[in-house]
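Colleague: Fold the following, please.
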Amino acid sequence: MKYFYIFLFSFSLYSLAAQQTITGTVLDASTNEPLLYVNIGIPLKNIGTVSDQTGNFTLKIKEENLRDTLRFSYLGYETQDIPISELSAPGMTITLAPKNFNIKEIVVSSTKMQTKVVGNKLTGKFVSAGLGGNFLGHEVGTLIKIKKRPTLIKNFRVHINRNPYGKIKFRLNIYSVKGENPDVSVLKENIIVEFEKKSGFLEVDLTPYHVMVEDDFIIALEWIENYGEDSILFSAGFFRSPVKERSTSHGRWNTVRPIAIGFHAEIGW
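Modeller: As a prediction, the model looks like this:
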């Protein structure tokens, strides 16, 4: 039996021209504690990375982008945009200030909640799609339609066909939708999930996070640690809700058709 593997990469090719390497550490402005997995990148340029578990990061910038601005964002903190020209000194410290959330409270009035599984319920190994491969901040997601009603997202599920590593970590992201692409996060805190089997279901219980949405949303997994050149393979298929993908932090979102990745969720209303 033949198997099909689709690798969902938007490659950002670097020329041999002069480059500048930016290094630094991202800290909490109020505690001076390191912030891990901060998204760092040039908006829409597919040049970016993620800070490591000690808040450190390294990013190579092409000469043509040295006049651009580098964005630092982390859920629960104020985003900072800093001109790359101000980041030339090696090992600089960037501090992000905590912010207060002003998220509208949504109440589900039904006394008996109805539930439904939505998304791409794909679990086979015949078609697989990949995530990772040394691209920190690489992210893939699926559009979930809910017919504009207050909805509780109860869990997330996907079948992993191949994990060539041991224990791996992802960040689970949930976005509102603008046009057909992810817009802003609807989460109040980072959701880091782990998986350590060679294959099987990755299931995330979202009820402790009280994730409520009022309209269609996009649920995504983000590659946040560098394990090697190989990729994680998810169950996939064709001609369902298409893949939303970007190659790195703050990169440009792309729609990948006709491939569909097996992301699905249980919702209640």
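Colleague: Stretch 30-44 spans what distance, first to last residue?
Modeller: Terminal residues of stretch 30-44 are spaced 30 Å apart (Cα to Cα, to the nearest Å).
Colleague: Give me the average confidence score over that stretch.
Modeller: The pLDDT scores in stretch 30-44 average 97.
Colleague: And for stretch 117-132?
Modeller: 92.
Colleague: Now the host helix or strand of residue 23: buried residues?
Modeller: Here residue 23 sits within strand 19-28, counting by DSSP states H and E. Using 16 or more other Cβ atoms under 10 Å as the test for burial, strand 19-28 gives 19, 22, 24-28. Backbone N, C-alpha and C define where each C-beta goes, glycine included.
Colleague: now, which of these sits nearest residue 72?
Modeller: residue 26 (6.2 Å; Cβ to Cβ).
Colleague: What is the subsequent helix or strand relative to the strand holding residue 23?
Modeller: Assigned by DSSP H and E, the successor of strand 19-28 is strand 39-42.
Colleague: could you say what helices and strands that next one packs with?
Modeller: On a contact count with 3 or more Cβ pairs under 8 Å, 6 or more residues apart in numbering; DSSP states H and E, strand 39-42 meets strand 47-50, strand 56-62, strand 69-73.
Colleague: could you dump those to TSV with distance to residue 153?
Modeller: Output for the helices and strands packed on strand 39-42, formatted as TSV (distance: least, Cβ to Cβ, whole Å):
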stretch	distance to residue 153
strand 47-50	24
strand 56-62	30
strand 69-73	22
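Colleague: Including mean pLDDT, mean neighbour count and distance to residue 188, could those strands go into CSV?
Modeller: Below are these laid out as CSV (pLDDT from 0 to 100; neighbours: other Cβ atoms under 10 Å; distance: least, Cβ to Cβ, whole Å):
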stretch, mean pLDDT, mean neighbour count, distance to residue 188
strand 47-50, 97, 23, 20
strand 56-62, 95, 17, 24
strand 69-73, 98, 20, 15
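Colleague: Could you name the stretch from these that's closest to residue 79?
Modeller: strand 69-73 (4.4 Å).
Colleague: partner strands of the next helix or strand after the closest one, parallel or antiparallel?
Modeller: Using DSSP H and E, the helix or strand that follows strand 69-73 in sequence is strand 80-83. Note on strand 80-83: by DSSP bridges, its sheet partners are strand 69-73 (antiparallel).
Colleague: now the angle from the strand it pairs with to strand 19-28?
Modeller: Computed by axes from the mean of the first three to the mean of the last three Cα atoms, to 10 degrees, the angle separating strand 69-73 from strand 19-28 equals 30 degrees.
Colleague: Need the contact partners of strand 69-73.
Modeller: 22, 26, 38-43, 59, 79-84, 87, 94, 96, 249-250 (Cβ atoms under 8 Å, 6 or more residues apart in numbering).
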